[in-house]
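A.B. asks: Please find the sequence and the predicted model below.
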Amino acid sequence: MRRAPIVIGATAAGLAGVLSFHTKATSFSALGTGTQAQGRSGSSGPTGSSGAPASGSPGSSSTAPSGTARSAPRPGSSSGPTAPGASSGGASSGSSSAAPASAGSTPGSTGARSSGTTPSAPATVKLTGKVVQFGYGQLAVTVTLRGSRITSSSVTSLQVADPTSGYIAQQAVPYLQREVMQAQSAKIQGVSGATYTSEAYAMSLQSALAKRPKG
Amino acid sequence: MGTVVSLAVDGGALPPVAVAGAVDAACAELHRADRIFSTWTAWSPMSRLRRGVARLDDFPDDVAGELAGVLALCADARRLADGWFDPWAMPGGVDPTGLVKGWALERAMAVLDGAGVRAAVVNGGGDVVVHGPAPDPGGWRIGVRHPWRPDGLACVVAVDHALATSGGYERGAHLVDPRTGEHTAGAVASASVTGPSLAIADALATGLAVGGEQALAAVARAPGYAGYLIGLDGSETATEGFPFAPGP
């Protein structure tokens, strides 16, 4: 049996994969999400991961932040707010080049709009998704985006029914946060085996992404 | 069916507007399947059928055809699973829920395929179907979530077409034992099945989660399918030839 030292959680992997393909609007109901993805010609595949340098390998993720903002600079972005996809207005080309940033470097995600001294640099936007019920509680996710790229995600509201559920949710949520970051660099294309927590997380995250300004 | 579906699409040569249209159409297909088959809403065609307040003849031909088609698949899956998957043993009437999610996800993928996308992954609550060339030369790699460590994968699977995982972890007793009709947390912590049909793989994984190693013997006999179990004690068992992928 091969043991894969990957640290990644659940369903949202594919979701972040969609995001790297320049997701636009989302909507969902009982089954199915109305995720609109705009594919790129000649792209590197559904997760945009093939171009991710080995330094972004999932094995390094045990030291990753749990999704909250850190002020550490993004590797390779020496001159401030010009990091991902500066050549492409829409930042969609950043899915490979910026991939290694997922472990340990979320650029400051404090303000609703922070970076932007360079006109072509994508703005940083912070959006909160709707409160989603799951098996034993409810949660809401806040996501910070720079252009089309997630720079951090966090649970801003988490209520659970009982201490046991709380324990499970407290365990699951940091990993889901981390996963949203890592899915942009992990060398897998998805994860099988979902949970209430991860589904609720993905739904709230998608509702947050649906609030993104068009264009 | 109460789950989240994510679609990752590589449009290849398609213009972005065509890719967006394909994704919209795939999502519409999922919603349509949900309207027909949801057992969460009392008046979906499937709910009326299972309660016995409607017959196949009562529905338009296209809806009746899909209901009949899914029930035929259910019968196939029941046979392949040696009875460990049995929609007709569910409390409240025939319930194809353990198969129909995989079926619907494949329908959505067929829409994307028909639109001419280069590659795609459709993942609905951990039931995964892939299409086209993988982004890496090694082929499609899908992780199986570790049952107790939300941060970990139990393994990575080289997927040709479909991978479904079922298990009692986090959800508690959401399975039904077809022999008793009682709810159960299942005999295993996690059960995964790969194969040429996600609908069948979904059903077999559901059966594996209930029947454990006994059901694994049935999966081993199903042509083209392979199964992987993590027991409640953490032990791992797989059928011959289960496509474990090398680590990253």
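C.D. replies: Cool, the structure landed.
A.B. asks: Check which element follows the strand or helix carrying B:Ala110 along the chain.
C.D. replies: For B:Ala110, the enclosing helix or strand under DSSP states H and E is helix B:97-114. Counting by DSSP H and E, the next helix or strand C-terminal to helix B:97-114 is strand B:119-124.
A.B. asks: Okay, now the sheet partners of the next helix or strand after that next one, with direction.
C.D. replies: Scanning forward in sequence from strand B:119-124 by DSSP H and E, the next helix or strand is strand B:127-131. Here strand B:127-131 is paired, per DSSP bridges, with strand B:119-124 (antiparallel), strand B:162-166 (antiparallel).
A.B. asks: angle of the first one against helix B:97-114?
C.D. replies: Just to be clear, that refers to strand B:119-124. 160 degrees (axes from the mean of the first three to the mean of the last three C-alpha atoms, to 10 degrees).
A.B. asks: hey, C-alpha coordinates of strand B:119-124 in CSV?
C.D. replies: Taking Å, rounded to 0.1, in the frame of the first residue of the first chain, the C-alpha atoms of strand B:119-124 are listed here in CSV:
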residue,chain,number,x,y,z
ALA,B,119,-10.9,17.5,-20.5
ALA,B,120,-13.0,17.7,-17.4
VAL,B,121,-13.5,16.5,-13.8
VAL,B,122,-16.9,16.4,-12.3
ASN,B,123,-16.9,15.8,-8.6
GLY,B,124,-20.1,15.5,-6.6
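A.B. asks: So for A:Tyr201, which of the strands paired with strand B:127-131 sits nearest?
C.D. replies: Smallest distance to A:Tyr201 across those (C-beta to C-beta): 14.1 Å, for strand B:119-124. Just so you know, the C-beta spots here come from the backbone N, C-alpha and C atoms, and that holds for glycine as well.
A.B. asks: Show me how far the closest one is from its chain's centre.
C.D. replies: 12 Å (C-alpha atoms, centre = their mean, to the nearest Å).
A.B. asks: close enough to count as contact, B:Ala245 and B:Arg141?
C.D. replies: Yes. Using C-beta atoms under 8 Å, B:Ala245 makes contact with B:Arg141 at a distance of 5.1 Å.
A.B. asks: Identify the contacts common to those two.
C.D. replies: Common neighbours of B:Ala245 and B:Arg141, using C-beta atoms under 8 Å, 6 or more residues apart in numbering or on different chains, are B:Val156, B:Val157, B:Ala158.
A.B. asks: returning to what we had before: between B:Ala245 and B:Arg141, which has more neighbouring residues?
C.D. replies: A count of neighbours by other C-beta atoms under 10 Å in any protein chain shown puts B:Arg141 above the other of B:Ala245 and B:Arg141, at 25 against 19.
A.B. asks: Which strand residues bridge that one?
C.D. replies: Beta bridges link B:Arg141 to B:Ala158, judged by DSSP bridges.
A.B. asks: Is it correct that it is in contact with B:Cys155?
C.D. replies: No. With contacts defined as C-beta under 8 Å, B:Arg141 does not count as touching B:Cys155, sitting 10.4 Å away.
A.B. asks: which residues do the two both contact?
C.D. replies: In terms of C-beta under 8 Å, 6+ apart, B:Arg141 and B:Cys155 are both contacted by the residues B:Ala245.
A.B. asks: Which one of the shared contacts of B:Ala245 and B:Arg141 sits in the busiest neighbourhood?
C.D. replies: B:Val157 leads those on contacts (other C-beta under 10 Å) with 26 neighbours.
A.B. asks: ok, now which ones touch that residue?
C.D. replies: With C-beta under 8 Å, 6+ apart, B:Val157 has these contacts: A:192, B:141-144, B:163, B:192, B:194, B:228, B:242-245.
A.B. asks: does the strand ranked longest in chain A come close to chain B?
C.D. replies: When chain A is scanned for its longest strand (criterion: DSSP state E), the result is strand A:149-160. No. Figure legend: strand A:149-160 not in contact with chain B (C-beta under 8 Å from any C-beta of the partner chain); closest approach 12.2 Å.
A.B. asks: So which other helices or strands are in contact with that strand?
C.D. replies: helix A:12-20, strand A:137-146, helix A:163-182 (3 or more C-beta pairs under 8 Å, 6 or more residues apart in numbering or on different chains; DSSP states H and E).
A.B. asks: What mean pLDDT does the second one get?
C.D. replies: The predicted model assigns strand A:137-146 a mean pLDDT of 80.
A.B. asks: Please name the strands paired to that strand in the sheet, noting orientation.
C.D. replies: Sheet pairing for strand A:137-146, assigned by DSSP bridges, gives strand A:124-128 (antiparallel), strand A:132-134 (antiparallel), strand A:149-160 (antiparallel).
A.B. asks: Only the buried residues of the helix ranked longest in chain B, if you could.
C.D. replies: Looking across chain B with DSSP state H, the single longest helix is helix B:16-37. Of the residues in helix B:16-37, B:16, B:18-20, B:22-24, B:26-27, B:29-37 count as buried by neighbour count, 16 or more other C-beta atoms under 10 Å in any protein chain shown.
A.B. asks: again, but for stretch B:92-100
C.D. replies: By neighbour count with 16+ other C-beta under 10 Å, stretch B:92-100 contains the buried residues B:Gly93, B:Val94, B:Asp95, B:Pro96, B:Thr97, B:Gly98, B:Leu99, B:Val100.
A.B. asks: Mind picking the two most distant members of those residues?
C.D. replies: B:Gly93 and B:Leu99 (15.2 Å).
A.B. asks: ok so, going back, contacting chain A as well, which ones from the buried residues of helix B:16-37?
C.D. replies: B:Pro16, B:Val19, B:Ala20, B:Val23, B:Asp24, B:Cys27, B:Leu30, B:His31, B:Ala33, B:Asp34.
A.B. asks: Contact partners for A:Lys211?
C.D. replies: A:Lys211 neighbours (C-beta under 8 Å, 6+ apart): A:Leu127, A:Gly129.
A.B. asks: if you set the cut-off to 6 Å instead, what comes out?
C.D. replies: A:Leu127 (C-beta atoms under 6 Å, 6 or more residues apart in numbering or on different chains).
A.B. asks: Can you check the pLDDT for it?
C.D. replies: Reported pLDDT for A:Lys211: 77.
A.B. asks: now swap in the one 4 residues further on and tell me
C.D. replies: Per-residue pLDDT puts A:Gly215 at 48.
A.B. asks: what does A:Thr26 give?
C.D. replies: pLDDT, read off for A:Thr26, is 30.
A.B. asks: Could you measure from B:Gly186 over to B:Gly102?
C.D. replies: B:Gly186 sits 18 Å away from B:Gly102 when distances are taken as C-beta to C-beta, to the nearest Å.
A.B. asks: quick one on the thing from earlier: got JSON lines for the contacts of B:Val157, with pLDDT, distance to B:Arg78 and secondary structure too?
C.D. replies: Below are the contacts of B:Val157 laid out as JSON lines (pLDDT from 0 to 100; distance: C-beta to C-beta, whole Å; DSSP: H, G, I helix; E, B strand; the rest coil):
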{"residue": "A:Ser192", "pLDDT": "73", "distance to B:Arg78": "23", "secondary structure": "strand"}
{"residue": "B:Arg141", "pLDDT": "89", "distance to B:Arg78": "31", "secondary structure": "strand"}
{"residue": "B:Ile142", "pLDDT": "89", "distance to B:Arg78": "26", "secondary structure": "strand"}
{"residue": "B:Gly143", "pLDDT": "85", "distance to B:Arg78": "29", "secondary structure": "strand"}
{"residue": "B:Val144", "pLDDT": "87", "distance to B:Arg78": "25", "secondary structure": "strand"}
{"residue": "B:Leu163", "pLDDT": "97", "distance to B:Arg78": "21", "secondary structure": "strand"}
{"residue": "B:Ser192", "pLDDT": "96", "distance to B:Arg78": "19", "secondary structure": "strand"}
{"residue": "B:Thr194", "pLDDT": "98", "distance to B:Arg78": "19", "secondary structure": "strand"}
{"residue": "B:Tyr228", "pLDDT": "95", "distance to B:Arg78": "21", "secondary structure": "strand"}
{"residue": "B:Phe242", "pLDDT": "95", "distance to B:Arg78": "22", "secondary structure": "coil"}
{"residue": "B:Pro243", "pLDDT": "95", "distance to B:Arg78": "25", "secondary structure": "coil"}
{"residue": "B:Phe244", "pLDDT": "92", "distance to B:Arg78": "28", "secondary structure": "strand"}
{"residue": "B:Ala245", "pLDDT": "86", "distance to B:Arg78": "30", "secondary structure": "coil"}
